[in-house]
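# with the sequence up front, the predicted model follows.
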Amino acid sequence: MSAAEDRTLEPMRREVTAAARRFQAAGYSVVPPREDGSKAPLGKWKTFQKRPADAAQIERWYGTGGRCGVGFVTGAASGNLEALDFDRREELDAFLALADETGLGELVRRVFAGYSESTPRGFHAYWRCPVIEGNLKLANGANGSVLVETRGEGGYVIAAPSFGPVNAAGDYVLRRGGPESIVTITPEERDDLLALARSLDRSVRREANRGPRVAPPEADGDRPGDAFNREASWSDVLAGAGWTPVFTTAAGVTHWRRPGKSRGTSATTNYAGADLFYPFTTSTGFEAERGYSKFAVYADLNHGGDYSAAARDLRAKGYGSDRTASEPRLRVVAEADLPSPEEEDDEGIPAHLFEIPGYVGDLQRYIARTAPRFQPELALAAAIVGTGTLVGRKVQTWTGLRTNQYVIGLADTGAGKEHNRQAVRRVFEAAGARAMTRVDKVTSDAALIAQLEESPSSAAFFDEFGLELQQYNRHGSLGAVEAILALFGVAGGTFAKTYASDRKSKRRGTDTFIVEPCLSIFATSTPQTFYAALESNAMSSGFLNRFLHFEAPRELPRRQEVHVRDREVPLGLVEQTKVWLSFGQDSSEGATIADLMDPTTGEPLLPGQRKPGRVLTVEPSDEALRLYHEVGDWQDARMNELRRSDDPTADLYARLQAHAAKLALTRAAGRALFPEETVIEAADMKWGVELATYCCDLMRERARAHIADSAYHQVVKKAAEFIRTKGKVTRSAYTTKLTHIDRRIREDVLQTLIESGQVEEVKVDNGGSRGPKATVFVWIGGAS
């Protein structure tokens, strides 16, 4: 290393020295790490596993200021210190998502806020507890690699701000708190955290071999235990013993909570389709981290592990070889204790697209579980809009795309559309950002722009948007719709408009502008109203392809009885919202007075007229970039294919690649525990591509079924609407209305309406005249 290079590292070495002194003063047993990449402590350190080094020893190690790393012994020597060590960020993201699902979000955020740091590939969180153990391996990968572990009694960790030769993979960075603010947790809280981490285990589930097996079956039957394993449900086995189902993933894995607990997860069932019960702690009465069949669990819970007694009991209940095929099984639990109906339909958005790590998934699950009717499709749509609004002026893709999202959510009356809007608002209100979600009606472009002037990143919630689209089709222009069209593409630029005569504008006759506006829209409608408004010009104008299309199943969703206390926004969700709200802030920080004034009017600039603070340019991984280019090629090929057949739905795919990238950025930002670490990984882009393609395909399918995409069908639609509105019309009135249409087409359209049963031709008296009876055409086809 040259002298110049060595000088550039001096500030970092001074920081390491200062950290070592801080750790020692706070009661940590400091030992420097080797600087050879081994991550081992320097020299002999057994003494410091029992007592911490004193200040004099710290000076001998660090006094010259030449070290690049600092570490400390965990356990009693450092005040009963324990570290939770995530080897990869993927497990950290999953841990945070599970924490909120299981009621542990507040505890996890408290621990992380006390003292946590990022490692070159993973993450450390620290706590002190009266009861700790030695190092524990909590979760392994399918290949046996350690994913999550603790460093406890006799353990050692390298800590921030270690850098350089200490670990060739990268540096250690302090994220929250520090050695003085570390939290102390109870043994019960520690058990909850360790059980949560153990639930991330991906190793092969093996059935525990406990106790004697049931006697072999008779020749003409089967064993009661085998029959019970085959035919009973896990609710039959666990619910009657006081176990509570916490939640079920889209992959069918159910998390269970043991009796006497009100939060956390104690076990899972059906991991990887294995149909085994897998407890995470010995507090359950089972051997931890081993799989149990239904019969084994039943025997333990009801017969103290006596398999023979359990078999006799089940045989008496009708399980086993001496039951005839026509005899019904006796149930283990009452009918009221049976699990609820399946929550997912076989159709719709693929189940795996709901398994979203980080903020988007947390928000979607909160919206869905607090809804009066279970509506995961619209909850996902609202979560995308909410997250896009939160990070809209904070991040951009490497091509400059922002996360402003336009979403249409269709559901029948009574299906619970309103809840999705209110749930997003509750989250933003809890984080002190209610102003970002105030718009709930399409009024005018002036009202929309005024909102963005005050809050340049905003979510607009529009109900019965199909009616607005009908107005747009009839008039070809509608103020708010025109603004919506324009704002979609200028999220990274400047939106400008002149108000020559708007009395509401304080800058009448001058230009108003918004710098980098981020408008996201969650528009809802009933399917009937929306589809009635679909016409070809909505596609050719680029209006529809700006929207992601979500549609709830037509069957009325099941009801959910949600207590008011359960509607409270999880603390973890609130705090992560605040993290993004505070990131970058706005350009008023550090700005001069001149920077905050309009040079033309001399008036203070509104928030939307100021440049945003720091905007992160988020890079993709190599695989994510490949997927991005691949979907772009597919988009072009698809549009060319449809255009060759004069299919007007081709334009619906024009923004597919952009939608995919924006969704990927939204997911990636939501995954990032710290904003500056946001990276678009392959999984983010794959999710964005699949969801965007699904939405485009769904919109095309519906458009083909509902849009009058030829001149002839446009005339049929116009004629039907005219006769329906009037109730009945004369031939003369009909001809006058459609006088610009060729006579033969006009007559053919009328005949089509008659033959389809929508219009009836009726002869009426001609006012007492002796001439032929007059003909009128009466609408009989219903309301549409």
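Nice, I can see it. If you're wondering where the values come from, they're calculated on a predicted model, not measured in any experiment. Numbers count the residues shown, from 1 in each chain.

# relative to the longest strand seen in the chain, what are the paired strands and their orientations?
In terms of residue count, the longest strand belonging to the chain (DSSP state E) is strand 518-525. Applying DSSP bridges, strand 518-525 is found paired with strand 406-410 (parallel), strand 457-462 (parallel).

# rounded mean pLDDT for the last one, please.
Across strand 457-462, pLDDT averages out at 87.

# how distant is that strand from the center of its chain?
Distance of strand 457-462 from its chain centroid, counting by C-alpha atoms, centre = their mean, to the nearest Å, is 18 Å.

# need the residues that contact it.
Contacts with strand 457-462, where a contact means C-beta atoms under 8 Å, 6 or more residues apart in numbering, come from 385-386, 388-390, 392-393, 421, 424, 435-442, 448, 451-452, 468, 517-524. Where C-beta positions appear, they are placed from N, C-alpha and C, glycine not excepted.

# just the buried members of those residues?
Neighbour counting with 16 or more other C-beta atoms under 10 Å marks 385-386, 388-390, 392-393, 421, 424, 436-437, 439, 442, 448, 451-452, 468, 517-524 as buried within the contacts of strand 457-462.

# how many other residues sit next to residue 678?
The number of residues packed near residue 678 is 21, by other C-beta atoms under 10 Å.

# tell me who's in contact with it.
Counting by C-beta under 8 Å, 6+ apart, residue 678 has contacts 395, 616, 618, 668, 669, 671, 672.

# not counting sequence-adjacent ones, nearest residue to it?
residue 672 (4.2 Å; C-beta to C-beta, 6 or more residues apart in numbering).

# that neighbour and residue 89: what is the separation?
Remark: distance between residue 672 and residue 89 (C-beta to C-beta, to the nearest Å) = 9 Å.

# settle it for me: which of those two has more neighbours?
Neighbour tally, residue 672 and residue 89, criterion other C-beta under 10 Å: the higher count belongs to residue 672, 23 against 20.

# so for that one, what pLDDT did the model give?
So residue 672 comes in at 84 (pLDDT).

# need the phi and psi values for it.
Main-chain dihedrals, residue 672, degrees, to the nearest 10: phi -70, psi 120.

# list the contacts of it.
Contacts of residue 672 (C-beta under 8 Å, 6+ apart): 358, 678, 679.

# output the lowest mean pLDDT helix or strand found in this structure.
Least confident helix or strand, the chain: helix 3-8 with a mean of 56, by mean pLDDT, DSSP states H and E.

# could you point out which element follows that helix?
helix 10-25 (DSSP states H and E).

# buried ones in that next one, by neighbour count?
By 16+ other C-beta under 10 Å, the buried positions in helix 10-25 come out as 13, 16, 17, 19, 20, 23, 24.

# if you count contacts, what does that helix end up packed against?
Helix 10-25 sits against strand 29-30, helix 55-62, strand 70-73, with contacts defined as 3 or more C-beta pairs under 8 Å, 6 or more residues apart in numbering; DSSP states H and E.

# what angle sits between the helix or strand containing residue 387 and strand 457-462?
Element membership of residue 387 [criterion: DSSP H and E] is helix 376-391. Going by axes from the mean of the first three to the mean of the last three C-alpha atoms, to 10 degrees, helix 376-391 is angled at 150 degrees with respect to strand 457-462.

# state the next helix or strand along the chain beyond helix 376-391.
Counting by DSSP H and E, what follows helix 376-391 is strand 395-397.

# mean confidence for that next one?
Strand 395-397 comes out with an average pLDDT of 94.

# please apply the same query to stretch 112-132.
Mean predicted lDDT for stretch 112-132 stands at 94.

# what's the helix or strand in which residue 692 is found in contact with?
Per DSSP H and E: residue 692 is located in helix 682-706. With C-beta under 8 Å, 6+ apart as the test, helix 682-706 has contacts from 349-350, 353, 356, 531-532, 534, 539, 544-545, 547-551, 620-621, 623-624, 627-628, 630-631, 649, 652-653, 656, 659-668, 671.

# what's the closest of the buried residues of helix 10-25 to residue 726?
Of all those, residue 726 sits closest to residue 19, with 83.1 Å by C-beta to C-beta.

# all strands of the stretch 201-350 of the chain, in order?
For the stretch 201-350 of the chain, the strands defined by DSSP state E, counting those that start in this stretch cover 244-248, 254-257, 267-269, 277-279.

# any chance of those in a markdown table, with distance to residue 110, mean neighbour count and mean pLDDT too?
What follows is these, written out as a markdown table (distance: least, C-beta to C-beta, whole Å; neighbours: other C-beta atoms under 10 Å; pLDDT from 0 to 100):
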| stretch | distance to residue 110 | mean neighbour count | mean pLDDT |
| --- | --- | --- | --- |
| strand 244-248 | 20 | 16 | 86 |
| strand 254-257 | 20 | 22 | 90 |
| strand 267-269 | 25 | 26 | 90 |
| strand 277-279 | 26 | 26 | 88 |
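
# wait, which of those is closest to residue 488?
For the strands of the stretch 201-350 of the chain, the distance to residue 488 is smallest for strand 244-248, at 35.7 Å, taking C-beta to C-beta.

# where are the low-confidence patches of the stretch 301-450 of the chain?
By pLDDT under 70, the weakly predicted segments of the stretch 301-450 of the chain are 321-347, 440-444.

# try the stretch 151-300 of the chain
For the stretch 151-300 of the chain, the stretches flagged by pLDDT under 70 are 204-222, 250-251, 283.

# the helices in it, which residues?
187-198, 224-231, 234-238, 294-303 (DSSP state H, counting those that start in this stretch).

# what comes up buried for the longest one?
Just to be clear, that refers to helix 187-198. 189, 190, 191, 192, 193, 194, 195, 196, 197, 198.

# got a list of contacts for that helix?
For helix 187-198, the surrounding residues in contact (C-beta under 8 Å, 6+ apart) are 82, 84, 95, 98-99, 102, 104, 107-108, 111, 127, 129-132, 136, 138-139, 148, 150, 185, 263-266, 280-281, 283, 288-289.

# make a PyMOL selection of the buried ones in those residues.
In PyMOL, this line selects whichever of the contacts of helix 187-198 come out buried by 16+ other C-beta under 10 Å:
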select buried, resi 82+84+95+98+99+102+104+107+108+111+127+129+132+136+138+139+148+150+185+263+264+265+266+280+281+289
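
# and the contacts of helix 187-198, which of them are in strands?
Within the contacts of helix 187-198, residues falling in strands by DSSP E are 82, 84, 127, 138, 139, 148, 150.

# show the model's pLDDT score for the fifth one.
In other words, residue 139. Note on residue 139: pLDDT of 91.

# residues in contact with residue 14?
Contacts of residue 14 by C-beta under 8 Å, 6+ apart are residue 65.

# which one among the buried residues of helix 10-25 gets closest to residue 171?
Of all these, residue 171 sits closest to residue 16, with 10.8 Å by C-beta to C-beta.

# how many neighbours does residue 156 have?
21.

# got it, and residue 692?
When neighbours are counted by other C-beta under 10 Å, residue 692 registers 24.

# distance of it relative to residue 549?
Applying C-beta to C-beta, the value for residue 692 to residue 549 is 10 Å.

# and for residue 705?
Note on residue 705: its distance to residue 549, by C-beta to C-beta, is 13 Å.

# the more surrounded of those two?
Counted by other C-beta under 10 Å, residue 705 and residue 549 do not tie: residue 549 has more neighbours, with 23 against 9.

# for that one, name its beta-bridge partners.
Applying DSSP bridges, one finds that residue 549 bridges with residue 408.
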